[in-house]
Structure formats: structure tokens, C-alpha cells
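Participant: Just the structure for this:
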Amino acid sequence: MKNTGRLSRRQILSAAGFIGLATLAGCGGGEDGEDGKDLSRKQDGAMKNYRAGEPFKASEPLTFDVLHNNNPVYPLKDDWLFWEELTRRTGVTLKPVAVPLADYEKKRSVLIGSGDAPFLIPKTYHPSEVAFVSSGAILPVSDYVHLMPNFQAAVRKWRLQPELDSIRQSDGRFYLLPGLHEKVRSQYSLALRTDVLDRLGLNPPTTWDEVYEVFTAIRREYPDRYPFSDRWSTNTPYPAAALFSYLGQAYGVRAGWTYTNISWDADARTFVFTGATDAFRQMIEFVRKLVAEKLIDPESFTQTDDEAVQKLLGEKTFAISANPQELVQNYRYNLRKQVKGAKIEMVPVPIGPAGPVVLGGARLENGVMISSEALKSDNFVALLQFTDWLWYSEEGQRFARWGVEGVTYTRSGGRYRTKDGISLMGSDPDAPKDLQKDYGFYNGVFAYGGSWELVSSMFGPDEQRFQDAMSRRRQLPVDPAHPLRTEEQEQAQLWETPLRDHVTQNTLKFALGKRPLSEWDDYVAELKAKNMDRLVDLHNQARERFEQENG
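Facilitator: Numbering: from 1, shown residues only. Predicted structure coming up:
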């Protein structure tokens, strides 16, 4: 499905009508009359009286192109049951435009810029969509969510309006249909050799002070080894990206993978520069303490994943960052083969000065952009109905995750399990088939978001315990909407990168002791010289303007 042209932003605004911050129940450009006439001619294949919670079936066979992030863990296959069953259920055939995972963002930009992007552009993380707003290349989807009853129902039921408002642009619209979660799902934390802890009479740590005590005790027992050596430092601009992400959470700041230059200070009711806050400094001080006392391997900030994992498997270290999948499929599986009696567990994120919290805004996941070319299609309404069913209905989300009941999974008493002979993320290493690789289900292009009951149905026992503990924590406030105008975005981009780079470089220098923390004030002065205050002022002015214009 090749696009033949590209609408200008002005044309889209004229066609859709500006709705600002209208509630989702009444949202939609159809209220201005002109857009309603346009949509009345764009309903080929659409269902009449399509409602939330009901199956979607196109009134005639339809085909839509979709950009497909081709994950090497489960490379795309044309004969996946996912494609066949999706067409049977919905009457829609998806034609994947496959792009290697490593090149996905670059290729996506090229396709959108050339006007050749598929109508459906999933696996997009906010704020990546912002780069395509001013050109009019992607649809202001908030104008059309009145055609997506499952999306609307989830926003209302789970009270996600503040999160949605946080991704609106200066025109009051949002341009990304994000994955919607009922609850925050935490992904990363610390994993430790619990058999070693047992031997030393130690309990799994629940706070970062206890982490320090546990590492100190391990170092005392094994003075020639580092208690902790970490991974996820290469292929990312942030050193020790996972560690800083969940450690930062304990200090109430975004760091590592979650780092953003601008953060909301809920107490002061203002935006601040993340990398210059006291909390960010305190977090670095703690890491510096671990490094200085040889409790963390200094190579953690530069080594490859394989190097870090091999140190764990070779008993050169006893702790590492983990997610539930890596814990089961990699660490535990391989440790059991190499080290007799070895046990490893992932603990809930240790609590720090911020208390038992999780970062706000984490209930939105990567989502779907829709090419503005789709608005020209006679099948536009059907496209949105299909998108609503697959990515936002309970039935569509269950299908994308688990597949076909009785074929790929069974369900009894609310509990799901794969059929015998089918493995899911290493649940049965000896199974001849894999739910992702051989059937195409639980594919990150299609399977995200959903109710806690459905999301947690994919958890193994380890993750269930971890998520149960994390779900009881308080969510920090969501950042208020502060969309920048086009000219402000261009100016902010000129400041953002050198500021982020300076934070990243000096985080590593401070942590490794290559720069003393006594120079923190000098570091902040350097950030000011790189327009830190002007960037913060830009975002605070945008927030004030947005609140004044939208009530």
C-alpha cells in the first residue's frame, strides 16, 4: 500500500477540526460538520454500531500495511498462525513491511519522510512522534478516538486522562496511540545469588542500605571478587542503564534508560533539570561509594552484556541487573548447569530515600502512529476500528498475547498456560515449538498494554511475586502537559543533546572517581553555560501557557 501524497498540517487541521482538551466521550472532529461529511465517505469495510467489548469483523475483505519491527529473537515468518487467524477473525490481512530491529527508528523516519510509510506505524515510543508532527506526516489521532470505543473505555476505566494529557502537543492534540496499562509494570531490578546469601546468613535486601550491607559482607567473604558486576551499558548512551533506572526510582529521579533532562518537581510545582537536582547527586554519591569500596565492578559501566553474564556464571560476581525473562532463561538456567546448588532470585526494587514508589507516567507504553495518508482512504473508519480491536480490546489483546484457545493455549479458572509442546520465553526449554518463534504470538509489535489480569497472565512464578510487590507501591505524580510549539521544539533540540551528553559523561566520571563530587557545583555551572536554565524556562512557560489556553 504505497502512499501517493502527504497532507499538510493545515489540511489535516481543516479536515479534523481542533478539539483541544475535549473529553474522550465527546471528542472528535465530527462535531464541526466538515469532518463528519469526510468520514461518511470513508467507511468502506467498517462495522456499523461497532462497540467496546464486541468482536470486530470488516464488512468486506481489507488489507493494511504495517511497519514490522523484526526482532531477531523471533524473526518474522509468513506462515505464522497469527497472520492467518487474524484474517479469519477480522477480515483484515496485514502486510508487514519488515525492518530489522537495529534499524527500526532510522528506517521509520526515512519512510515517513518520503511519504511511503505504511498506514500503521507501531512500536513507537513517546516522544519519537514529535519529530513528525510539524510536517503533517502523521495523524492527530486524538481527533478520531471517538471511533475507538475500546480505547476510550480503557482511558475512562483506568483513569488514564492525566497520562494522555502529558503527551499532547501545543495544539492540544496527541499524535500517538500509546499502549494503555491498568497498572504500572516494573521491569528491572537487582538479582542476587541467594544460595550465597543463605551460606553467609544474609537476607535478600529490601533497601539500598541493606544492599550495601549485603555487598560488604560478600566482599569480606570473597575479597578477590566484586559482589556486583552489571550489564546493559553498551548499545545505549547511558552507562549502567538498567542499574541507574531502578536505582534512580529509589531516589525519585529518572536516570539510566528513563533519563529525561526535564523532570516535574511536584512539591515545588515546577519543572527542573534532572541532572542538576539534589536527588540525582545523592544517587551518584551512592554509586560512587559502591565503586570506591570495590563493591561494584568498575567495568560495569563499559562492558558488554556477555562479559557481565560470564562473570556471574563463572562465580567472579554474585549479583547483576535482571528482568524476569533474563532471570529464568539466562541466569538461572545456565547457573544450574555450571554451578551445583546455585540459586538466583530477583528482588523487588530496593527502597531508597523516595520511599516505596514507582515513577509516574509508566502506564503508557510504546504505541501506534497512523500515517496522515490514511485519512484519504475510503477504509479510514475500518482502519481505526481494527486498530481499536487489535491493540485495545480485551479479545484482541488476548489473541495477540496467547493466540488461539485450544491450539496454542488453554485457560481454566482464569489461569492461562501454553499447550503441551509449546514454550513461552523458556518455560519449557525442551518443547519442540515456541509461541513467539513458531506462531507469531506475544510479538512486541502487537502485544502490549491491557488489564492487570491479562498482563499478569504472562507472568511466571518469579515475575508474579515481583510484580505483586511492586504493584503495591505508590506512583509518583505524572508530569503535567507542557507541549512546545514548533519553533520551541527546534530550539529545545539544539540544547537537549549537549546537555544530556554532559550529564551522561559526568555521571560516569563522578561514579568512577575520575571527577570528585566536590566539583558538583562546577558541574552545575557547566550545565548552566549549556543553556540549562533556558531549557527549563521554556518547559515551564509551555506548561503555564497550556494551562491558560486549555483550562
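Participant: just the strands in the stretch 1-150 of the chain please.
Facilitator: Listed in chain order, the strands of the stretch 1-150 of the chain (DSSP state E, counting those that start in this stretch) span 62-70, 92-100, 120-124.
Participant: Mean neighbour count, these: which tops it?
Facilitator: Comparing those by mean neighbour count (mean count of other C-beta atoms under 10 Å), strand 120-124 comes out on top with a mean of 24. C-beta: built from backbone N, CA, C; applies to glycine.
Participant: helices or strands next to it in the packing?
Facilitator: strand 62-70, helix 104-114, strand 364-370, helix 380-392 (3 or more C-beta pairs under 8 Å, 6 or more residues apart in numbering; DSSP states H and E).
Participant: who wins for proximity to Met47 among the ones you listed?
Facilitator: helix 380-392 (5.9 Å; C-beta to C-beta).
Participant: got the angle between that closest one and strand 120-124?
Facilitator: 30 degrees (axes from the mean of the first three to the mean of the last three C-alpha atoms, to 10 degrees).
Participant: mind checking how far helix 380-392 is from the chain centre?
Facilitator: Helix 380-392 has its C-alpha centroid displaced from the chain centroid by 21 Å (C-alpha atoms, centre = their mean, to the nearest Å).
Participant: Show me the helices in the stretch 1-150 of the chain, by range?
Facilitator: Remark: helices assigned in the stretch 1-150 of the chain by DSSP state H, counting those that start in this stretch are 9-16, 34-40, 81-90, 104-114, 149-157.
Participant: which of those helices is buried the deepest?
Facilitator: helix 149-157 (a mean of 20).
Participant: outside of it, which residues touch it?
Facilitator: 24-25, 50-53, 145-146, 160-161, 164, 177, 180, 182, 388-389, 392-394, 396, 449 (C-beta atoms under 8 Å, 6 or more residues apart in numbering).
Participant: Could you do stretch 195-203 as well?
Facilitator: Residues from elsewhere that reach stretch 195-203 (C-beta under 8 Å, 6+ apart): Pro204, Glu210, Val214, Ala217, Ile218, Glu221, Phe318, Gly341, Ala342, Lys343.
Participant: Could you do stretch 229-240 as well?
Facilitator: So stretch 229-240 is contacted by 241-244, 255-257, 259, 287, 296-297, 299-305, 307-309, 311-312, 316-317, 319-321, 500-501, 504, 507-508, 511 (C-beta under 8 Å, 6+ apart).
Participant: Filter those down to just the ones in helices.
Facilitator: Taking DSSP state H, the ones among those that sit in helices are 241-244, 287, 305, 307-309, 311-312, 500-501, 504, 507-508, 511.
Participant: circling back to that earlier point, now the helices of the stretch 1-150 of the chain in CSV, with mean pLDDT and distance to Asp537?
Facilitator: Below are those laid out as CSV (pLDDT from 0 to 100; distance: least, C-beta to C-beta, whole Å):
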stretch, mean pLDDT, distance to Asp537
helix 9-16, 32, 27
helix 34-40, 57, 37
helix 81-90, 98, 48
helix 104-114, 93, 29
helix 149-157, 97, 32
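Participant: Out of those, which is closest to Asp428?
Facilitator: That would be helix 81-90 among the helices of the stretch 1-150 of the chain, by C-beta to C-beta, at 18.2 Å.
Participant: quick one, what contacts Gln491?
Facilitator: Going by C-beta under 8 Å, 6+ apart, Gln491 touches Leu538.
Participant: what do you get for Ser128?
Facilitator: Glu105.
Participant: what's stretch 242-250 in contact with?
Facilitator: Stretch 242-250 is contacted by residues 186, 188-190, 208, 230-232, 238, 254-259, 280, 283, 286-287, 300, 321, 349-354, 357-359, 507 when judged by C-beta under 8 Å, 6+ apart.
Participant: Narrow those to just the buried residues.
Facilitator: 186, 188-190, 208, 230-232, 238, 254-259, 280, 283, 286-287, 300, 321, 349-352, 354, 357-359, 507 (16 or more other C-beta atoms under 10 Å).
Participant: Any idea how many residues pack against Leu176?
Facilitator: Residues near Leu176, counting by other C-beta atoms under 10 Å, number 28.
Participant: For it, which non-adjacent residue is spatially closest?
Facilitator: Take Leu176 and drop its neighbours on the chain: the residue closest to it by C-beta to C-beta, 6 or more residues apart in numbering is Glu129, 4.4 Å away.
Participant: Leu484 now?
Facilitator: Distances taken as C-beta to C-beta, 6+ apart put Ala542 closest to Leu484, at 5.2 Å, once the chain neighbours are dropped.
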